[in-house]
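S.K.: Would you be able to build a 3D model of this:
(2 chains)
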Amino acid sequence: MIQRQPHQGQKRILVVDDEPDLTRLCSLALKYHGFNVDTFNDSEEVLSNFKPDYYDLVILDIKMPKMDGFELYDELKKKDSDAKICFLTASELYYKEFRKKEYHALDKNLFIRKPIDNEDLLKEVNRIMTSA
Amino acid sequence: MTVSTSISPVRRESPKKEDILVFYGVDAVINIVMQFLNHTNKTVYACVDQTRPILTLDILVLKKAFEDAKRRGVKLMYVTEITKDNLSYCKQLMEMTHELRHLEGIKGNFYISETEYLAPAALHEKGKPASQIIYSNVNEIIEHQKYVFDSFWNRAIPAEQRIKEIEEGLAPEFYEVITDPEKAAQTITDLARSVKKEALFFLPNDKALVRVEKLGLIDNVVKASQSGATVKIICPLSGVNAEIVRRISEGASEIQILNGNNSPYGMYIVDGAKFIKAELRNPNAEKFSESVGFMVYSNSKTSVDSFKSIFELLWNERTLNEELEKAYKMQKEFINVASHELRTPIQAILGMSGLLKYYPEEKDELIEIIQRNAKRLQTLTANILDITRIESQTFQLEKERFNIYELLSDVIKDFTERIKSDNKNVRLVYDRKDTDHHIIVEADKGRITQVLLNILNNALKFTNEGQIIIRAHESNNKKEIIVSITDTGTGINKDIFAKLFSKFVTKSSQGTGLGLYISKSIVEAHGGRIWAENNADRRGATFMFTLPLVS
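M.R.: Numbers count the residues shown, from 1 in each chain, chains lettered A, B, ... in the order given. The predicted model follows:
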């Protein structure tokens, strides 16, 4: 059972996924727990609207048209090298490729696997936000 | 036993004693040969060099003596080296001998009968009769020389075969063992230069391609391929030779290269006429001559044929292997795409249903999302099941007779609703002529609807404004109906055009790339065809499929 959390000092989360149903889901689920959530369904739109040093966490889908989550990761890091970015993905191959290639330094713990229920999503988000 | 010499021709009607004699002078030599022929009644074995057939026939007395012997029933077994120069003489000799054979490189001459042995005692001047000759009737010598004759005879080939080779300009068969590495390198280079119709390479390791490239072999086969020769290469492929492989494909795209396994030897077969088999002594050597061990080079037809069939077997095995690897990769890709596509709607259903109790005021929106994703899951599941049925060949049609125009009208009505809900400025046009009224097909109504909806959905997905036009008309021969769907969208991306109807081919982030593959399988199961083209005005694409008409 999810308990409505006390106000978390309005932590800000950005969610990027090409599926509007899933950004809507993340938005509702996280807002319920007191997060301030922005969402985008288009990676190019994110780049033109991204505010550096604003978000406490960025959640990226990986398989997206135009620009995939990894490319978007690089672009966002250019704008804000300290941004905490994690991935919410339905695909395992991407994760393996990611590990193999230039992103091998990235922590395995930064990957959240779909499908995930709301309680677990909340746990993962809290874990990543509080991790070093 | 005595050994005596004579300086004049000696007539010996019937030697009683065992003798070894030497006769001097051309006349004496001719005489003793004639005598020898006259003595024998059974078989004469002659082993002579390439100059003797000409002499035998040009010295008329000798020719006559041979003819007389044949007339008496004497069998003449004759082995010599048949060349272009003595060819016509050898053809005449075939008439006079019981059997004529060819052996390359015979030096010196001897004749044996059942009781006597004759041999020129000194190397004679070319083209002239010998001026001294050894004679013997010693049984041991005759037996010994008969043994020597037999070993030559058994290595020799029939005169007919040799004559054919010369007349057809063929090289004589050879089997060369090369142990000198420099000669081995030269041999393989020369062979590569001679390629006319076909070159088959079996290379023992990845570096072997680099080594033969340094010899200039690759340039040679690229040139050969450009002038129409078939070139096939089996070679272990790696980063070591990737650059050369790329250059080969650039230089001659017709050259086929398959990935092979490491091997202790290499093979090279040219024009189905010559082959090289070379041991790999030092796999890591930089130069061919440093890598090569024992090399066999031959034009023996039997050996070339058997090496060629070994190569073909390897080639087929490698081809099969590549297909398997491709299928495995496709399977992996299928699992990856399918799992991604399955997880996405599950995520929406799982999450949204969990939120229902916290957002009662948003209930309608959440339920709509849940339903939409459940439908998506349903379609995807159906697609995956269809693929499984198609691939396990358990795909079945439930055929019935119906009017294709009625079906089209129904589908168009439903799809018009679908476009409205999409809020796109796209119009669906049914371009129906007055003459289109009643055409009966025997088909699976549900499956044909599936094909139409798949093509229409694709058209809508890639068309933001304009129109989608449906037409259907009978073919000229009245044997089939052609249905076409034309849109004014982005057209078919050239990257995927060639494999449009294969599995997992999609340019949409939401597509699974299964729809057109399934549509093609459905149309073909009905005995029809499906194809697509980009429109001539560079706006949009047209998909067409046919169905046979009921006659």
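S.K.: Next secondary structure after the lowest-mean-pLDDT helix or strand in chain A?
M.R.: Counting by mean pLDDT, DSSP states H and E, chain A has its least confident helix or strand at helix A:92-100, which shows a mean of 60. Next helix or strand after helix A:92-100 toward the C-terminus (DSSP states H and E): strand A:111-113.
S.K.: What helices and strands are in contact with that following strand?
M.R.: Applying 3 or more Cβ pairs under 8 Å, 6 or more residues apart in numbering or on different chains; DSSP states H and E, one finds that strand A:111-113 contacts strand A:85-89, helix A:92-100, helix A:118-130. For glycine as for every other residue, the C-beta is placed from the backbone atoms N, C-alpha and C.
S.K.: Find the centremost residue of chain A, please.
M.R.: A:Ile59 (0.5 Å; Cα atoms, centre = their mean).
S.K.: in what helix or strand does that residue lie?
M.R.: Per DSSP H and E: strand A:57-60 holds A:Ile59.
S.K.: now that strand: mean pLDDT?
M.R.: Here strand A:57-60 scores 95 as its mean pLDDT.
S.K.: Against which helices or strands is it packed?
M.R.: strand A:12-16, helix A:69-79, strand A:85-89, helix A:118-130.
S.K.: can you list these in CSV and add mean pLDDT?
M.R.: Converted to CSV, the helices and strands packed on strand A:57-60 look like this (pLDDT from 0 to 100):
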stretch, mean pLDDT
strand A:12-16, 96
helix A:69-79, 90
strand A:85-89, 91
helix A:118-130, 94
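S.K.: Chain B: which of these is closest?
M.R.: With respect to chain B, and counting by Cβ to the nearest Cβ, the nearest of these is helix A:118-130 at 4.6 Å.
S.K.: ok, is that closest one in contact with chain B or not?
M.R.: Yes - under the criterion of Cβ under 8 Å from any Cβ of the partner chain, chain B is reached by helix A:118-130 at A:Asn118, A:Glu119, A:Leu121.
S.K.: number of nearby residues for the second one?
M.R.: Spelled out, it's A:Glu119. Applying other Cβ atoms under 10 Å in any protein chain shown, we find 12 residues neighbouring A:Glu119.
S.K.: Can you tell me the element whichever residue of the stretch 101-250 of chain B sits closest to chain A falls in?
M.R.: Closest contact between the stretch 101-250 of chain B and chain A, by Cβ to the nearest Cβ, is at B:Gly239 (16.7 Å). Assigned by DSSP H and E, B:Gly239 falls within no helix or strand.
S.K.: ok, B:His473 to B:Ile481 distance?
M.R.: Using Cβ to Cβ, to the nearest Å, B:His473 is found at 7 Å from B:Ile481.
S.K.: Tell me which of those two has more neighbours.
M.R.: Counting neighbours by other Cβ under 10 Å for B:His473 and for B:Ile481 shows that B:Ile481 has the greater number, 21 against 15.
S.K.: And the average pLDDT for the one helix or strand that one maps to is what?
M.R.: Per DSSP H and E: B:Ile481 is located in strand B:480-486. Regarding strand B:480-486, the rounded mean pLDDT is 94.
S.K.: What pairs with that strand, parallel or antiparallel?
M.R.: As defined by DSSP bridges, the strand partners of strand B:480-486 come to strand B:465-474 (antiparallel), strand B:541-548 (antiparallel).
S.K.: what's the closest of the ones you listed to B:Ile276?
M.R.: Within the strands paired with strand B:480-486, the stretch nearest B:Ile276 is strand B:541-548; the backing value is 52.8 Å (Cβ to Cβ).
S.K.: So which of the strands paired with strand B:480-486 is nearest B:Ile419?
M.R.: Closest of the strands paired with strand B:480-486 to B:Ile419 is strand B:465-474, at 8.2 Å (criterion: Cβ to Cβ).
S.K.: Which positions in the closest one come out as buried?
M.R.: B:Gln467, B:Ile468, B:Ile469, B:Ile470, B:Arg471, B:Ala472 (16 or more other Cβ atoms under 10 Å in any protein chain shown).
S.K.: so what does whichever strand or helix holds B:Ile269 touch, helix or strand wise?
M.R.: Using DSSP H and E, B:Ile269 sits within strand B:265-270. Strand B:265-270 is packed against helix B:181-193, strand B:198-202, strand B:274-280, helix B:301-355, with contacts defined by 3+ Cβ pairs under 8 Å, 6+ apart.
S.K.: I'd like the average pLDDT over it.
M.R.: Mean pLDDT, strand B:265-270: 95.
S.K.: Within the sheet, what are the partner strands of that strand, with directions?
M.R.: Counting by DSSP bridges, strand B:265-270 is paired with strand B:198-202 (antiparallel), strand B:274-280 (antiparallel).
S.K.: what would these look like in TSV with mean neighbour count?
M.R.: Below are the strands paired with strand B:265-270 laid out as TSV (neighbours: other Cβ atoms under 10 Å in any protein chain shown):
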stretch	mean neighbour count
strand B:198-202	22
strand B:274-280	21
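S.K.: Could I get the ones you listed in JSON lines, plus columns for mean pLDDT?
M.R.: As requested, the strands paired with strand B:265-270 are exported to JSON lines (pLDDT from 0 to 100):
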{"stretch": "strand B:198-202", "mean pLDDT": "95"}
{"stretch": "strand B:274-280", "mean pLDDT": "95"}
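S.K.: any chance of those strands in CSV, with distance to B:Ala498 too?
M.R.: Shown next, in CSV, are these (distance: least, Cβ to Cβ, whole Å):
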stretch, distance to B:Ala498
strand B:198-202, 29
strand B:274-280, 38
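S.K.: B:Lys357 is nearest to which of these?
M.R.: Closest approach to B:Lys357 among the strands paired with strand B:265-270 is made by strand B:198-202 (70.0 Å; Cβ to Cβ).
S.K.: can you give me the angle that closest one makes with helix B:301-355?
M.R.: 70 degrees (axes from the mean of the first three to the mean of the last three Cα atoms, to 10 degrees).
S.K.: For strand B:198-202, give me every contacting residue.
M.R.: B:192, B:212, B:221, B:224, B:229-235, B:260, B:263, B:266-272, B:308, B:311, B:314 (Cβ atoms under 8 Å, 6 or more residues apart in numbering or on different chains).
S.K.: Contacts only, for B:Lys232.
M.R.: Taking Cβ under 8 Å, 6+ apart as the test, what B:Lys232 contacts is B:Ala199, B:Leu200, B:Phe201, B:Ile255, B:Gln256, B:Ile257, B:Leu258, B:Phe311, B:Trp315.
S.K.: Would you mind measuring from the residue of chain B most remote from its centre to B:Asp85?
M.R.: Distance from the C-alpha centroid of chain B peaks at B:Glu361, with 71.4 Å (Cα atoms, centre = their mean). Distance of B:Glu361 to B:Asp85, given as Cβ to Cβ: 112 Å.
S.K.: same deal with B:Arg529?
M.R.: Distance from B:Arg529 to B:Asp85, by Cβ to Cβ: 67 Å.
S.K.: sorry, back to before: can you give me the angle the strand holding B:Ile269 makes with helix B:181-193?
M.R.: 40 degrees.
S.K.: what distance separates strand B:265-270 from the centre of its chain?
M.R.: When distances are taken as Cα atoms, centre = their mean, to the nearest Å, strand B:265-270 is centred 13 Å away from the chain's centroid.
S.K.: and chain B, which residues reach chain A?
M.R.: Within reach of chain A by Cβ under 8 Å from any Cβ, chain B has these residues: B:332, B:336, B:339-340, B:343-344, B:346-348, B:350-352, B:354-355, B:358-359, B:362, B:369, B:372-373, B:508-510.
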